[in-house]
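[1] Got a predicted structure here, sequence first:
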Amino acid sequence: MGGGRFVLLGCVVAVAMAVLATAAQAAAQPLTISSAATSAGAFSGGSPDVFTPDGTGPANLNVTDLQNQLASTDVEVGTAGSTTTISIDNDISSASTHELDFDPASGITVNTPTITNGGLVEFVRGTVLAQDATMTAGASGNVLFASTLDGGHALTIQGVGVFDGAVGSTTALSSLTVTSATTDVTGSITTTGSQSYGQLVQLFVSGPAAFTSTGGSVTFGADVDNRFATSMTVNATSGTTTFDGVVGAPGVVPSLTVNGPAALAGGSVMTTGAQTYDDAVTLGANATVTSTGAGNVTFGSTVNGAHALAVNTAGTTTFGGAVGGSTALLSLLTDA
């Protein structure tokens, strides 16, 4: 009798666990944002107001319903427990300063050209661009990718851009432009075309910081401020790496390597260790290149430009090509 009861109890437990697993599987559904009517999901009515699928099938959130909710409160689309993936298939346009978060269990696909919000726009999970996109955040927010970003398309961010994961590590973006505010970088960034950062770039990566363009140029339109990076490397062998601001302000970069032609137009490049420019360097303004820790400074090819160049290091300064061969420098001073 006792053995029979044990077998029966085991069967009941197994069936119960199977039912719970099936229910959990049924509850988690894909979610699409489109112009179609909202279906198979609802808002929670809280703050933030969370839209989740109801488990009856793939859910759709009407974009106008989303914008109406966002006008009055923070909105979270999906949760890890209720939503498998999110596909954004319609433009989102809101002047609200409330936060807009996309938070499924796994991936987010951006299949629309425009996402605009006056406040924060956050992509909590790995995101893939399915077409070229422009994303805009107002002065009170930013566009935040809390995980990876991939997809062979162009991304333009108007406002603060925050990249907390690798960009283009699986599928390189075709280009990346951050036009009007700070860019915070916590991982590598890879594109097939150009990269352009209009304002301050802050390096939060706790390791090497790498910017790679396999077929275009990389432009830093303002200062580069290091927070935690152990080195900075820019790879743009088919284009030009341009520094229009100070590199190492206020946070000094431990070392800098530029693979491909470089243009120094920001006045100062400061590292604690080595600096290496492996291709031609053009001066667009008077430039001071400094290694505060006696690192070597190496110009692997020519240096040209009608401006003054000063190199300050207790290490070795090497010029691997002609200096002023095509455009004479105004002056050259080493180890000042």
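    That came through, no problem. Numbers count the residues shown, from 1 in each chain.
[2] Any idea which helix or strand in this protein has the lowest mean pLDDT?
    helix 2-27 (a mean of 42; mean pLDDT, DSSP states H and E).
[3] and the next element down the chain from that helix?
    Counting by DSSP states H and E, the element after helix 2-27 in chain order, helix or strand, is strand 29-34.
[4] Can you tell me the strand partners of that next one and which way each runs?
    Partners of strand 29-34 in the sheet, by DSSP bridges, are strand 59-62 (parallel), strand 83-88 (parallel).
[5] residue contacts, the residue nearest the centre of the chain?
    For the chain, the residue nearest the mean C-alpha position is Phe163 (2.9 Å; C-alpha atoms, centre = their mean). Applying C-beta atoms under 8 Å, 6 or more residues apart in numbering to Phe163 gives the contacts Phe145, Leu149, Thr183, Asp184, Val185, Thr186, Gly187, Ile189. Just so you know, the C-beta spots here come from the backbone N, C-alpha and C atoms, and that holds for glycine as well.
[6] Look at it and report its pLDDT.
    Note for Phe163: predicted pLDDT of 98.
[7] which residues does it bridge with?
    Phe145, Val185.
[8] now it: how far from Asp150?
    In this view, Phe163 and Asp150 are 12 Å apart by C-beta to C-beta, to the nearest Å.
[9] Over to Gly215?
    17 Å.
[10] what about the two, which has more around it?
    Remark: of Gly215 and Asp150, Asp150 carries more neighbours, 20 against 15, as counted by other C-beta atoms under 10 Å.
[11] so the more buried one makes contact with Val128?
    Yes: counting by C-beta atoms under 8 Å, Asp150 touches Val128, with 5.3 Å between them.
[12] Okay, and the spatially closest residue to Leu329 that is not a sequence neighbour sits in which element?
    With sequence-adjacent residues excluded and distances taken as C-beta to C-beta, 6 or more residues apart in numbering, Leu329 is closest to Leu309, at 5.7 Å. Using DSSP H and E, Leu309 falls within strand 308-312.
[13] same check, this time on Asn68
    helix 63-70.
[14] Please pull up the helix or strand immediately following that helix.
    strand 75-77.
[15] hmm, back to that, the strands paired with strand 29-34: which one's closest to Ala287?
    strand 83-88 (43.8 Å; C-beta to C-beta).
[16] which residues touch the closest one?
    The contact list for strand 83-88 (C-beta under 8 Å, 6+ apart) reads 28-33, 52-53, 59, 77-78, 102-112, 115.
[17] Report the buried members of the residues you listed.
    Buried by 16 or more other C-beta atoms under 10 Å: 28-33, 52-53, 59, 77-78, 102-104, 107-112, 115, out of the contacts of strand 83-88.
[18] and the closest residue in space to Ala274 that isn't next to it in sequence, what does it touch?
    Nearest-residue entry for Ala274: Gly295, 3.9 Å, with adjacent residues in sequence omitted and distances by C-beta to C-beta, 6+ apart. Contacts for Gly295 were tallied using C-beta under 8 Å, 6+ apart; they are Ser255, Thr271, Thr272, Gly273, Ala274, Gln275, Thr313, Gly315.
[19] Check Ser194 too.
    By C-beta under 8 Å, 6+ apart, the neighbours of Ser194 are Ser175, Leu176, Thr177, Ser213, Gly216, Ser217, Val218, Thr219, Gly239.
[20] With Gln275 instead?
    Gln275 neighbours (C-beta under 8 Å, 6+ apart): Ser255, Leu256, Thr257, Val269, Val289, Ser291, Gly295, Asn296, Val297, Thr298.
[21] now those in JSON lines, with secondary structure, pLDDT and distance to Leu66?
    What follows is those, written out as JSON lines (DSSP: H, G, I helix; E, B strand; the rest coil; pLDDT from 0 to 100; distance: C-beta to C-beta, whole Å):
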{"residue": "Ser255", "secondary structure": "coil", "pLDDT": "98", "distance to Leu66": "46"}
{"residue": "Leu256", "secondary structure": "strand", "pLDDT": "98", "distance to Leu66": "44"}
{"residue": "Thr257", "secondary structure": "strand", "pLDDT": "98", "distance to Leu66": "45"}
{"residue": "Val269", "secondary structure": "strand", "pLDDT": "98", "distance to Leu66": "45"}
{"residue": "Val289", "secondary structure": "strand", "pLDDT": "98", "distance to Leu66": "50"}
{"residue": "Ser291", "secondary structure": "strand", "pLDDT": "98", "distance to Leu66": "52"}
{"residue": "Gly295", "secondary structure": "coil", "pLDDT": "97", "distance to Leu66": "52"}
{"residue": "Asn296", "secondary structure": "coil", "pLDDT": "98", "distance to Leu66": "55"}
{"residue": "Val297", "secondary structure": "strand", "pLDDT": "98", "distance to Leu66": "53"}
{"residue": "Thr298", "secondary structure": "strand", "pLDDT": "98", "distance to Leu66": "53"}
